[in-house]
Each structure stands twice: as C-alpha cells, then as structure tokens.
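S.K.: turn this into a structure:
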Amino acid sequence: MAIKIKIVGKKGKQSSRPPTPHDIDTLQDRQHRELGDFYTRSQNARADLKAMFESQYGANERNLRSEVSTLEDVLNNSGKIRRFWLKLSGRLSSRAEQDLAEKRQSLENIEMRKHEAEQMLENRIRQEGEIINARHTQERESPADQRQLEFPAGNSNCR
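M.R.: Below is the predicted model of the structure:
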C-alpha cells in the first residue's frame, strides 16, 4: 500500500515535473511544524485556562475547602452535647449543618464551571486538530485528476 500526496507549485498550480525528495521533505517539514505549533498552542491554552481558574476561583475555592473540612471535622467528630456547647458558646454557627451544605454546593458550582470551561476548550482543540489532520490527509492523498506521489507504506513520517 502506498501513501499519496499532491505536489502543488508556488502559485497553487500543479507541477509538471516529478516530485523530488525535497518536495516530500518540504511537505513533511511544514506539516510537522504545523502540528508542533498546534500542540504548543493547545498546551498554552490549557495553561492559560488553569491560570484563569486560579485567579478567578483559587483563593475562594481554597477557603471553601478549608471551611468545609473544618466543619466536617467538628460535626462528624463531636457528640451532641459538644456540638450544643460549641453552638451555645458561639464557636460553631447555630446553622453549621446548613452552612456546610451551602459551602459544598458552592464548591460543586465552582467545579461545574471549571469542568464546562475545560470541556469547551478540549472540544475546540479537538476540532482544530481534526481540521489540521484532514488538511494534511488531503495534501497527502490528492484527487484522481491531480498528479499523485506515492510513498512506501512503511514511511511513518508521511502520515
């Protein structure tokens, strides 16, 4: 099985000369460069999203997690009499159970927003990757009416 690519001249016209190894190398180099740039952009976008999460939710999320952990510890490790005394003395809110549920809900909302943003980014990255791969495939496999170049099937640099 051979892999085929089309060779197009500088002005977008098909070349009348047979493709040279230089033509093949040029195409492969450009495609590898495009993929490298795509992967770099993708990683930078992921890092930017994490930085945005940190600036938007970081401190609040850490505080909520700490408060949830503290409240859970007090509520789970204290008997009824101790809880009553903590509430009476003001060291524990009279609505501590409700506060805990609200803080957990806030954390769930943050996680949901972060997950939605991550999914949107990953979908955008996947779509851009599919477009690049489709274009690269089209460049390697030209239609029947254009001149085609065949590579040995074992040449993995062409795929």
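
S.K.: tell me which other helices or strands the helix or strand hosting residue 120 touches.
M.R.: With elements taken from DSSP states H and E, the one containing residue 120 is helix 96-140. In terms of contacts (3 or more C-beta pairs under 8 Å, 6 or more residues apart in numbering; DSSP states H and E), helix 96-140 is packed against strand 2-5, helix 21-53, helix 59-77. (Glycine included, C-beta is placed from N, CA and C.)

S.K.: who touches the last one?
M.R.: Just to be clear, that refers to helix 59-77. Defining contact as C-beta atoms under 8 Å, 6 or more residues apart in numbering, one finds that helix 59-77 is touched by 83, 86, 92, 96, 97, 99, 100, 103, 104, 106, 107, 110.

S.K.: please list only the buried members of the residues you listed.
M.R.: Buried subset of these (neighbour count, 16 or more other C-beta atoms under 10 Å): 83, 86, 92, 96, 99, 100, 103, 107, 110.

S.K.: quick one: low-confidence ranges for this structure?
M.R.: Along the chain, the model assigns pLDDT under 70 to residues 1-19, 142-159.

S.K.: stretch 106-125: which residues count as buried?
M.R.: For stretch 106-125, the neighbour count (16+ other C-beta under 10 Å) marks 107, 110, 114, 125 as buried.

S.K.: just put the contacts of helix 59-77 in TSV and tack on distance to residue 42.
M.R.: Below are the contacts of helix 59-77 laid out as TSV (distance: C-beta to C-beta, whole Å):
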residue	distance to residue 42
83	50
86	50
92	47
96	44
97	44
99	40
100	39
103	34
104	33
106	31
107	28
110	24
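
S.K.: quick one: the spatially most central residue of the chain from residue 45, how far?
M.R.: Nearest to the geometric centre of the chain sits residue 122, at 3.9 Å (C-alpha atoms, centre = their mean). The gap separating residue 122 from residue 45 is 10 Å, by C-beta to C-beta, to the nearest Å.

S.K.: same deal with residue 77?
M.R.: From residue 77 to residue 45 the distance is 43 Å (C-beta to C-beta).

S.K.: pick out whichever of the two has more residues nearby.
M.R.: residue 45 (15 against 9; other C-beta atoms under 10 Å).

S.K.: of the buried ones among the contacts of helix 59-77, closest to residue 30?
M.R.: residue 110 (42.3 Å; C-beta to C-beta).

S.K.: so who does that closest one touch?
M.R.: Counting by C-beta under 8 Å, 6+ apart, residue 110 touches 57, 60, 61, 64.

S.K.: so the first one touches residue 114, yeah?
M.R.: Yes: Residue 57 lies in contact with residue 114 (C-beta atoms under 8 Å); the separation is 7.0 Å.
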